[in-house]
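> 3D, please:
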Amino acid sequence: MDLTKIRQQIMFILLLIAVILAFPGISLADKPVVNIISTTRTVINDDPVDLENDPDGSGHSLIVWDADWEEASQNEKYKIERVNGTAITITASTTYSKGEDITTEILPEHLEEGSNTIKITVTVTITDPTEGATSINITLDTEDPPVPTGLTAEPGDEKAFLSWDSKATDDTDTAGYIIYYVEVTDATSLGTTDPNEYNYDKDVGNTNNYEITGLNNDTAYAFAISAYDEATNEGGLYAGQSGVGIVVAPVNAVGLGALTEEEGGCFIATAAFGSYQSRYVKPLRDFRDKYLITNEWGRNFVDWYYQSSPYLANHISKSEFLKSLARILLIPFIALSLFLTKTTLIQKCFLLLCLSSFSLIWLVRRKTALKKALIIVTLSFLLIFFSSPAWAQQFQSPQHYSIELKGASYSAQDVDPVYELIYGSDKGFLFEFELGWQILDLLGILGVDAGVGYFQQTGNGLVVPETFIDPENWEKSNEEYVFRIVPAEVSIVYRLVYFKNQVIVPFVKGGVDYYYFRESRKDGEEVFDGGKWGYHFSGGGQLLLDYFDLKHANKMDTDYGINNTYLIFEYRKAEVDDFGEEGGFDFSNSTWFGGLMFEF
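Numbering: from 1, shown residues only. Okay, here's the model as predicted:
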């Protein structure tokens with residue numbers, strides 16, 4: 001850079017400073033600085049103004065501002081004007097005191113429809129008059145927003161689920177919606193298009209759906225809706241095509257927990273087994289639905305049974321002896337119901353043929369089963385012996401523990417007869433994590449595993465009818481429920497490992513389970529939880545993945561201490577029903593798992 005130019009620039013700056021100091025009337029700080037302190041509204045409408053009772057009303061805007069400067073001055077004044085469109089003076093030249101807070105009211109008559117620029121100018125005289133100014137935009141909006149359409153209402157439990165077609169777009173100034181509703185006691189109390197005819201109103205903001213809570217079940221309500229804009233202009237009321245509101249009555253909705261607590265009315269089988277959801281009652285219900293209510297004779301019998309059984313069932317439920325006796329007497333009927341409802345025509349014929357020649361078939365099947373078992377055991381041992389090739393990792397660190405990450409396609413529909421009515425029969429994903437401790441290495445590895453998992457499904461509760469009918473015939477509600485299961489287990493495990501780096505490792509497990517369950521409603525109003533004890537047995541195989549990439553297997557061991565990595569397959573049979581206790585949930589299941597196992 002040219003040093004001569006730098007010297008010239010420095011000399012010019014010094015000269016300018018000297019001139020400013022020589023003439024006190026010239027000062028960079030003498031120009032007034034105008035500050036907007038606050039504004040009540042930047043968008044107003046043409047509603048009447050009531051400063052005493054509603055100083056923040058939508059029909060005006062209050063601007064609070066001040067101005068300041070450094071030097072002593074005289075003849076300070078200010079003015080306020082609209083400078084866009086047809087310029088007008090709002091406040092003529094008025095005396096002002098330095099630092100004074102001024103409140104200026106902007107009214108609709110000061111503005112044009114749309115955006116307006118309001119300029120505040122302060123003039124002070126020190127040596128010569130000088131001005132300072134600032135601006136703010138105030139919008140006048142006197143047009144109502146469009147009327148919303150498409151309002152629908154669905155019943156909830158002490159609530160209603162509302163939705164409508166949103167009108168809030170870039171081309172409209174809709175800022176939010178107001179829901180109006182009123183109790184409907186008869187035909188004359190239906191809603192109208194007049195907001196004053198509704199007892200309740202709720203500002204729900206800018207959305208297109210909302211839940212109105214705090215309603216009474218089995219009471220009808222008429223709903224209507226209107227929109228408002230930023231200027232709080234409220235548009236017309238939409239009260240449905242008929243103009244009498246969208247009428248809906250909230251209903252009592254329940255989840256699986258509430259239905260499980262239900263003792264099932266006064267039927268004999270329910271009284272004998274203690275619960276409407278008992279696994280022994282369901283076959284009788286299935287028999288009724290498939291063979292009785294499908295014909296006139298059967299319907300007559302069911303009607304007679306429903307009328308005659310309450311008295312007898314009431315006595316049975318109060319006596320343990322009568323319960324036991326009733327269970328014994330019902331066993332043949334339950335067995336017959338299972339046979340008729342759970343088998344096809346071909347299966348029925350086949351089973352009858354089997355029963356007629358049971359003794360001979362049992363002897364033949366016994367010998368055949370023995371032969372098959374010997375073949376399977378022999379092949380398993382041959383597979384183990386011949387699955388260990390002549391290779392080995394170059395280094396192997398001490399091995400004491402294992403981690404399993406596995407999952408399964410799982411359905412809880414058999415937990416309770418009512419479960420499928422709420423959550424359906426679709427399968428979900430059950431994830432499990434297990435930590436193992438390898439205790440003994442003698443003709444195989446004996447260890448202890450502890451694991452925990454997680455599973456959840458969502459569904460809609462059921463609407464409780466006015467008179468008792470089977471839950472299978474209840475209607476779905478709009479209340480969403482979530483059912484979660486957290487299974488925990490402790491197992492003794494034995495792995496048939498006879499050779500180092502054995503490629504295929506069979507294993508068996510057995511242990512104790514505890515299934516924690518929790519059902520909750522989306523709005524948090526209902527929570528039902530508990531737990532069930534049980535046991536399980538499982539078996540499967542492990543495929544050693546190190547065999548396919550020895551280099552990286554050695555690196556995993558030397559760097560991280562992971563001895564072996566397996567692909568695992570496991571079949572588990574679990575009985576989780578509080579060790580056979582009658583009634584309540586039954587989490588018993590047969591499930592295939594797949595995943596990964598790491599030994600370290």
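> Which strands and helices lie in contact with the helix or strand harbouring residue 490?
Taking DSSP states H and E as the definition, residue 490 sits inside strand 476-495. Counting contacts by 3 or more Cβ pairs under 8 Å, 6 or more residues apart in numbering; DSSP states H and E, strand 476-495 is packed against strand 149-155, strand 253-254, helix 419-423, strand 428-441, strand 445-463, strand 504-521, strand 527-544. To be clear about C-beta, it is placed using only N, CA and C from the backbone, and glycine gets the same treatment.
> Provide the strand pairings for it, with the direction of each partner.
Partners of strand 476-495 in the sheet, by DSSP bridges, are strand 445-463 (antiparallel), strand 504-521 (antiparallel).
> got a markdown table for those, with distance to residue 326, mean neighbour count and mean pLDDT too?
Putting those into a markdown table (distance: least, Cβ to Cβ, whole Å; neighbours: other Cβ atoms under 10 Å; pLDDT from 0 to 100) gives the following:
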| stretch | distance to residue 326 | mean neighbour count | mean pLDDT |
| --- | --- | --- | --- |
| strand 445-463 | 29 | 19 | 91 |
| strand 504-521 | 29 | 19 | 91 |
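> With distance to residue 423 added, can I get those in a markdown table?
Output for the strands paired with strand 476-495, formatted as a markdown table (distance: least, Cβ to Cβ, whole Å):
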| stretch | distance to residue 423 |
| --- | --- |
| strand 445-463 | 4 |
| strand 504-521 | 10 |
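> Residue 50 is nearest to which of those?
Minimum separation from residue 50 across these (Cβ to Cβ) falls at strand 504-521, 45.4 Å.
> quick one, that closest one and strand 428-441 angle?
For strand 504-521 against strand 428-441, the angle by axes from the mean of the first three to the mean of the last three Cα atoms, to 10 degrees is 140 degrees.
> right, so of the strands paired with strand 476-495, which gets closest to residue 591?
strand 445-463 (10.6 Å).
> if we can go back for a sec, out of the helices and strands packed on strand 476-495, nearest to residue 235?
Nearest to residue 235 among these is strand 149-155; the distance by Cβ to Cβ comes to 11.4 Å.
> average pLDDT across the closest one?
Taken as a whole, strand 149-155 has an average pLDDT of 90.
> follow-up on the earlier one: same list (the helices and strands packed on strand 476-495) but as CSV, adding distance to residue 81.
Listed next are the helices and strands packed on strand 476-495 as CSV, based on distance: least, Cβ to Cβ, whole Å:
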stretch, distance to residue 81
strand 149-155, 43
strand 253-254, 62
helix 419-423, 68
strand 428-441, 69
strand 445-463, 62
strand 504-521, 60
strand 527-544, 64
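> what's the closest of the ones you listed to residue 181?
Residue 181 lies closest, by Cβ to Cβ, to one member of the helices and strands packed on strand 476-495: strand 149-155, at 9.0 Å.
> Would you mind writing the CA trace of the closest one as PDB?
Provided in PDB are the C-alpha atoms of strand 149-155 (Å, rounded to 0.1, in the frame of the first residue of the first chain):
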ATOM      1  CA  THR A 149     -66.500 -25.100   6.300                       C
ATOM      2  CA  GLY A 150     -66.500 -28.900   6.800                       C
ATOM      3  CA  LEU A 151     -66.900 -29.000  10.500                       C
ATOM      4  CA  THR A 152     -67.200 -32.500  11.900                       C
ATOM      5  CA  ALA A 153     -67.600 -33.800  15.400                       C
ATOM      6  CA  GLU A 154     -66.800 -37.300  16.800                       C
ATOM      7  CA  PRO A 155     -67.700 -38.400  20.300                       C
END
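> And the helices and strands packed on strand 476-495: which comes nearest residue 298?
Nearest of those (Cβ to Cβ): helix 419-423, 22.9 Å.
> Tell me how far the closest residue to residue 452 other than its chain neighbours lies from residue 597.
In space, and not counting its chain neighbours, residue 452 is closest to residue 488: 4.9 Å by Cβ to Cβ, 6 or more residues apart in numbering. Going from residue 488 to residue 597 by Cβ to Cβ, to the nearest Å gives 19 Å.
> So which of those two has more stuff around it?
Shown here are residue 488 and residue 597; by other Cβ atoms under 10 Å, residue 597 has more neighbours (23 against 15).
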